[in-house]
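Coordinates for the following, if possible.
(one chain, ligands or ions: 1)
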Amino acid sequence: MDKAKQGRVVVIAGPSGVGKGTVIGALKKLRDFRVSVSHTTRGIRPSETKDVSYHFVTREQFRALVDEGLMLETTCYQGNYYGTSRTAVEDALALGEDVFLDIEVEGAKNVRRAFPDAVEFFLLPPSMEELERRLRDRNSGEDEPTIQGRLAQARAEIACAPGFDYIVVNGTVAQTAAEIDACLKAHALRAGERAPLVERLLAGENITL
Ligand code: 5GP
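Numbering: from 1, shown residues only. Here you go, the predicted structure:
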């Protein structure tokens, strides 16, 4: 089978507040994929919807999911636990669908271990001032120490960006989504992905079909 038709794991990482969720929403207009809904122990924000934004769980429930081996990766971020369900990802891949994960840097590293072919993007803000503005504007009701904690963590995360496959500056959402879409199209055309196509051509098939 042409590898380009297999589902891929696509990671969208970047500091909290950079706009990962908004970019993923814009990408939905450009291509078909699933988005993995993470589990978290943090409280729900007014703008969020249960089981759409996250599966909101207690610490005990989270611990039970981990103990049962149901999580692909987990992290503790600013005192709250976050994690990706193994089946959510594996079910999508089994159906040949791409699955997008909106996760932080440590999670991205763990996903890379589990799925070496994952395509990993890091979104940068246009400036640190703009990141702070976006963090404050999203009306999450977070107190000043939490915002400051997220900004400090953002600097540490941004320093990890060079380890990713692609770095995209999230200036305008439409442009960022278009750039990620273009990267994914080019990624699927890499020669290493297309050896089966060559075999099919040499076996006499019309490979434009
Ligand atoms: P927030 O509280 O702003 O929704 O998320 C905080 C950070 O946790 C963000 O960088 C977000 O991408 C990340 N995150 C959300 N879900 C997961 C997850 O399942 N695993 C990991 N590793 N990070 C996550």
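
use CA for all of it now, contacts and neighbours both
Fine.

State the number of residues packed around residue 160.
Residue 160 is flanked by 13 other residues according to other CA atoms under 10 Å.

Okay, and the beta partners of residue 81?
Beta-bridge partners of residue 81, counted by DSSP bridges, are residue 76.

Kindly report the same for residue 124.
residue 169.

so it touches residue 158, yeah?
Yes - contact criterion CA atoms under 8 Å: residue 124 and residue 158 qualify, at 7.2 Å.

Overlap of the contact sets of those two?
The contact sets of residue 124 and residue 158 overlap at 14-15 (CA atoms under 8 Å, 6 or more residues apart in numbering).

who has more neighbours, those two?
residue 124 (23 against 17).

ok, now which ones touch that one?
Residues in contact with residue 124 (CA under 8 Å, 6+ apart) are 14-15, 18, 158, 167-170.

Spell out, range by range, the strands that occur in this protein.
In the chain, the strands defined using DSSP state E lie at 9-13, 34-35, 39-40, 55-56, 71-77, 80-85, 99-102, 119-124, 166-169.

Tell me if the second one is near the ligand.
No - using CA under 6 Å from any ligand atom, strand 34-35 stays clear of the ligand, with a minimum separation of 11.1 Å.

Within the sheet, what are the partner strands of that strand, with directions?
strand 99-102 (parallel).

residues making contact with the strand it pairs with?
In contact with strand 99-102 (CA under 8 Å, 6+ apart) are residues 7-13, 20-21, 33-36, 89, 92-93.

Which ones, among the contacts of residue 124, also lie beside the ligand?
Okay, of those touching the ligand (CA under 6 Å from any ligand atom), that's residue 15.

returning to what we had before: among the strands of the chain, which comes closest to residue 187?
Minimum separation from residue 187 across those (CA to CA) falls at strand 119-124, 8.3 Å.

Using PDB, list the CA coordinates for that closest one.
Extracted in PDB, the C-alpha atoms of strand 119-124 (Å, rounded to 0.1, in the frame of the first residue of the first chain):
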ATOM      1  CA  VAL A 119       5.300  14.500  12.100                       C
ATOM      2  CA  GLU A 120       6.000  17.100  14.700                       C
ATOM      3  CA  PHE A 121       5.400  20.800  14.400                       C
ATOM      4  CA  PHE A 122       6.300  23.500  16.900                       C
ATOM      5  CA  LEU A 123       4.400  26.800  16.700                       C
ATOM      6  CA  LEU A 124       6.200  29.900  17.700                       C
END
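
Buried residues, that strand. List them.
Neighbour counts over strand 119-124 (16 or more other CA atoms under 10 Å) mark 119-124 as buried.

nearest spatial neighbour of residue 135, skipping sequence neighbours?
residue 17 (4.8 Å; CA to CA, 6 or more residues apart in numbering).

now do residue 134
The shortest distance from residue 134 to any residue other than its chain neighbours is 5.8 Å, reached at residue 17 (CA to CA, 6+ apart).

Same check on residue 106?
Leaving aside its sequence neighbours, residue 106 sits nearest to residue 75 (CA to CA, 6+ apart; 7.0 Å).

Name the residues of this protein found near the ligand, please.
15-16, 38-39, 74-75, 82-84, 102-104, 106-107.

Helices of the protein, start to end?
20-27, 59-67, 86-94, 105-114, 128-137, 144-158, 173-188, 195-202 (DSSP state H).
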